[in-house]
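> Whatever this is, show me its structure:
(chains A and B)
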Amino acid sequence: MTSNATDPGPLVSLRGLSKTFDLSAPLLNRVIERKDRQYLRAVDGLDIDIPRGKTFSLVGESGCGKSTVAKLVVGLHRASAGEIRFDGTDLTALPAAARGAFRKRIQMIFQDPYASLNPRWRVRDIIAEPLRSFGIATSRAEERAEVGRLLEMVGLSARDGEKFPHEFSGGQRQRISIARAISSRPEFLVCDEPTSALDVSVQSQVLNLMRDLQDELGLTYLFISHDLAVVDFMSDYVGVMYLGRLVEAGPAGRIFSAPEHPYTRLLMDTVPDIDMGRRDRAPVIGEVPNPITPPPGCSFNPRCPLADGRCRETSPDLVARDGGTVVACHAVTEGRAPGSRAHGADRQRGVA
Amino acid sequence: MTSSNTPLLSVRDLSICFDTRHGPLRAVDGITFDLAPGEILGMVGESGAGKSLTGTAITGLLERPGRIDRGEIRFEGQRIDTLSAEEMRRLRGRRIGAIFQDPLTSLNPLMTVGQQLIQTIRTHLRLDPGAARKRAIDFLAEVGIPAPEARIDQYPHQFSGGMRQRVVIALALCAEPSLVIADEPTTALDVSIQAQILDLLKRMCRDHGAAVILVTHDMGVIAETADRVAVMYSGRVVEIGPVEKVVRDPRHPYTLGLMQSIPRVGSGVQRLTQIDGAMPRLTDLPPGCAFHPRCPRAFAECRATRPAPLPVEGGHVACHLYQGEPA
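Below you'll find the predicted structure:
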């Protein structure tokens, strides 16, 4: 597949991306205790397109595989199957040596600003490291000027480069992480819960900064979060994950205004409502099952109010719906879901 | 003795101080509030605002070098901040229950859930082993653990996160306390479980007549659960009042900024309101109002003197903006 000249296509395309972790006991234990091998399918056949300059967010509860996707995309995990196409090149097929060229175009921002900065390094060295390793700055003076410019871009002052991370608050540290991430002039940033460790009044500063930088530098974001309100603010596209699979994806506006999958609706229902005050929420039954032994059929069926025989036997595929979304749910496609757009054509599976 | 019009808990001018090599640091500075029997009071604030410390001081679990250096805490009319560790231990569990953030670390991994419940019940109530076990099973059923007769003999690691927090709630309430301190009870849980646990906490405390101090950083949790809310900033209560009032019509500029900076689903905004700067460190608190360096409405008085709490409709606000206003 080559992208044609006029439309460069999405910057990032994931096709059938899967990651299986082997959790088996050591061989001797397996032989003596007659245990089977155990596998955890953390990510199972994920298809996602992320257009240039846009934000695609993955939401879901702990253990749904969203952080594993982030690590696969930046190369911190090796995919078990599937493709990670970046600007037309499949990164999973590249030999390790050739992947280096892509590394500076893809950067990551981590959740914990206390753990992701080396406490023994001065901030200027933290930010300059990518400049040095990718050979972006050729002289000391150039490097210093660039670090100063980056610090000012994220709302700190050039003099802050002399300080150590412990001298900064959580929000300022996350600004330093962002400065480091954008120092190699990447096109694509993977942000794994970048504001979850921050207080709300500081969270809004960092989110505003990330949107400003996106506009200024034309960045494309893969944004991972469990906070739906944050996702709604940041995203152009949203994918909802449950036990390693995408259950619903599409334009953010559509997903938030007319969610169709029962799990998406459940998530929307659990957002505490500040303005309405107390209200009686629909009782949510059960918890996420153990991902090592997922239930047969649709993995959401034990918690789903709409589950029937078919849901307990066969796992639904993603089906394109009106409004550009895709949904993997038998009840929705059969028109059994209340308020669902039952007339939605049963077109072949599409991608957000 | 308590009557219906005396508060269950009364905190007056409470200050908590940490003695460090660089001198004393005041982490909680003169906070005052009352709690009525059966009431749910939310305490909200950023990390380091002193909300958890206040809860810790009430449960008598404050550890050195932290100490209460001013003020008093009265519980059911009796002063409890001066009690000995042994007296406090007897009060805690029996009259004051506690629920902490992480259900895994608040349960003993080497004891079955039943042993922990029975131990708590028998420490505080005069029950024989059979009756205590029966009560433990009843409590597990009440907090929604399926098949409690079988689950009672399992260890905490055999429970999921949500189920563990249900066990912790059962533990906190099994001796029928009249006050429960819940410190971020849902922060470690997934969003879909969070709603279940909050509903359970509310129902259990209502059914057993316990008042709750709900410590959290999440205004959404407060809005859905609490009757009144105290907003803390830099160790001080800046605003306290009925939840609907504080949420809909915040008086203090910090509360207002906090409410506006929370992203909301479906708001469609292009930019979030932000409060510039960060909460000051305890080592360099500004003079006057601690919020003035970040306050868009600060004036000379704010930089000079610390505002005293002023009575407003149903509560208090500590801000010079309302100084001239008739209460």
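> mind listing what residue B:97 touches?
Going by CB atoms under 8 Å, 6 or more residues apart in numbering or on different chains, residue B:97 touches B:171-173, B:175, B:177, B:179-181, B:210. Yep, even glycine has a C-beta here, placed from its N, CA and C like the rest.
> Next, it: phi, psi?
Residue B:97 adopts backbone torsions of phi -100, psi 160, taken as degrees, to the nearest 10.
> ditto for residue B:29
phi -130, psi 90.
> so it sits right up against residue B:238, yeah?
No - using CB atoms under 8 Å as the test, residue B:29 is too far from residue B:238 to be in contact (11.5 Å).
> more neighbours, the two?
Between residue B:29 and residue B:238, counted using other CB atoms under 10 Å in any protein chain shown, the more crowded position is residue B:238 (27 against 21).
> In a strand, the more buried one, correct?
Yes - the assignment for residue B:238 by DSSP: H, G, I helix; E, B strand; the rest coil puts it in a strand.
> how about the nearest residue to it, chain neighbours excluded?
Spatial nearest neighbour of residue B:238, excluding adjacent residues (CB to CB, 6 or more residues apart in numbering or on different chains): residue B:252 at 4.6 Å.
> who's in contact with the one you found?
Neighbouring residues of residue B:252 by CB under 8 Å, 6+ apart: B:231, B:238-239, B:291, B:317-319.
> if you set the cut-off to 10 Å instead, what comes out?
Residue B:252 sits next to B:231, B:233, B:237-240, B:246, B:258, B:289, B:291, B:295, B:307, B:312, B:316-319, B:321-322 when contact means CB atoms under 10 Å, 6 or more residues apart in numbering or on different chains.
> With residue B:147 instead?
B:140-141.
> measure it to chain A for me?
14 Å (CB to the nearest CB, to the nearest Å).
> Could you measure from that residue over to residue B:127?
23 Å (CB to CB, to the nearest Å).
> Same question for residue A:325.
Counting by CB to CB - residue A:325 and residue B:127 are separated by 57 Å.
> cool, and residue A:138?
With distances taken as CB to CB, residue A:138 is found 78 Å from residue B:127.
> more crowded one of these two?
The neighbour count for residue A:138 versus residue B:127, taken as other CB under 10 Å, is higher for residue B:127 (15 against 10).
> what's the closest non-adjacent residue to that one?
Going by CB to CB, 6+ apart, residue B:127 has residue B:121 as its nearest residue, at 6.1 Å.
> For the one you found, give me its contacts.
Contacts of residue B:121 by CB under 10 Å, 6+ apart are B:93, B:127, B:129, B:131-136, B:139, B:171, B:174-176.
> Put the buried members of those residues into a PyMOL selection.
To isolate the buried members of the contacts of residue B:121 in PyMOL, using 16 or more other CB atoms under 10 Å in any protein chain shown:
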select buried, chain B and resi 93+132+133+135+136+139+171+174+175
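> Among the contacts of residue B:121, which lie within strands?
Secondary structure defined by DSSP state E assigns none of the contacts of residue B:121 to strands.
> any idea which of the contacts of residue B:121 is closest to residue A:49?
Comparing the contacts of residue B:121 against residue A:49 with CB to CB places residue B:171 closest, at 48.8 Å.
> For the closest one, give its distance to residue A:114.
Residue B:171 sits 31 Å away from residue A:114, going by CB to CB.
> quick one on the thing from earlier: what residues do residue B:29 and residue B:238 have in common as contacts?
Taking CB under 10 Å, 6+ apart as the contact rule, residue B:29 and residue B:238 both touch residue B:290.
> three-state assignment of residue B:14?
When classified by three-state DSSP, residue B:14 comes out as strand.
> same check, this time on the one 5 residues further on
Assigned by three-state DSSP, the conformation of residue B:19 is strand.
> what does the model give it for pLDDT?
At residue B:19, the predicted lDDT confidence score is 90.
> and if you look at the one 10 residues further on?
We have a pLDDT of 94 for residue B:29.
> Residue B:72 versus that one, what's the distance?
The gap separating residue B:29 from residue B:72 is 15 Å, by CB to CB.
> What is the neighbour count of the residue of chain A found nearest chain B?
As assessed by CB to the nearest CB, chain B sits closest to residue A:272 within chain A, at 2.9 Å. For residue A:272, the tally of surrounding residues (other CB under 10 Å) stands at 22.
> wait, what's in contact with the closest residue to it other than its chain neighbours?
With CB to CB, 6+ apart as the criterion, residue A:272 has its nearest non-adjacent residue at 2.9 Å, and that residue is residue B:220. Residue B:220 makes contacts with A:229, A:271-275, B:194, B:198, B:247, B:262, B:264, as judged by CB under 10 Å, 6+ apart.
> and of those, the nearest to residue B:24?
The nearest member of the contacts of residue B:220 to residue B:24, counting by CB to CB, is residue B:262 at 34.2 Å.
> Number of residues surrounding the closest residue to the closest one other than its chain neighbours?
Once flanking residues are discounted, residue B:262 sits nearest to residue A:200: 5.5 Å by CB to CB, 6+ apart. Neighbour count of residue A:200, defined by other CB under 10 Å: 22.
> ok, back up a step: what's the first helix or strand after whichever helix or strand the residue nearest to residue A:272 is part of?
Assigned by DSSP states H and E, residue B:220 belongs to helix B:219-225. Next helix or strand after helix B:219-225 toward the C-terminus (DSSP H and E): strand B:228-233.
> Adjacent strands (with direction) for that following strand?
strand B:40-44 (parallel), strand B:236-242 (antiparallel) (DSSP bridges).
> Throw the ones you listed into CSV and include mean pLDDT, thanks.
CSV is the format used below for these (pLDDT from 0 to 100):
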stretch, mean pLDDT
strand B:40-44, 96
strand B:236-242, 96
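> Now distance to residue B:65 too, for those strands, in TSV please.
Below are the strands paired with strand B:228-233 laid out as TSV (distance: least, CB to CB, whole Å):
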stretch	distance to residue B:65
strand B:40-44	23
strand B:236-242	21
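> Which one of those strands lies nearest to residue B:151?
Using CB to CB, these put strand B:40-44 closest to residue B:151, at 28.2 Å.
> And that closest one, how far out from the chain middle?
Centroid separation for strand B:40-44 versus its chain: 6 Å, with CA atoms, centre = their mean, to the nearest Å.
> what about dumping the CA coordinates of that strand to CSV?
Output in CSV follows, covering the C-alpha atoms of strand B:40-44 (Å, rounded to 0.1, in the frame of the first residue of the first chain):
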residue,chain,number,x,y,z
ILE,B,40,-22.2,13.7,54.8
LEU,B,41,-19.6,16.4,54.7
GLY,B,42,-17.3,16.5,51.7
MET,B,43,-13.7,17.9,52.1
VAL,B,44,-12.3,18.9,48.8
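> which regions of the chain lie under the pLDDT threshold?
This is for chain A. For chain A, applying pLDDT under 70 flags the ranges A:1-6, A:273, A:275-285, A:339-352.
> ah, I was thinking of chain B
For chain B (pLDDT under 70), the answer is B:1-5, B:325-327.
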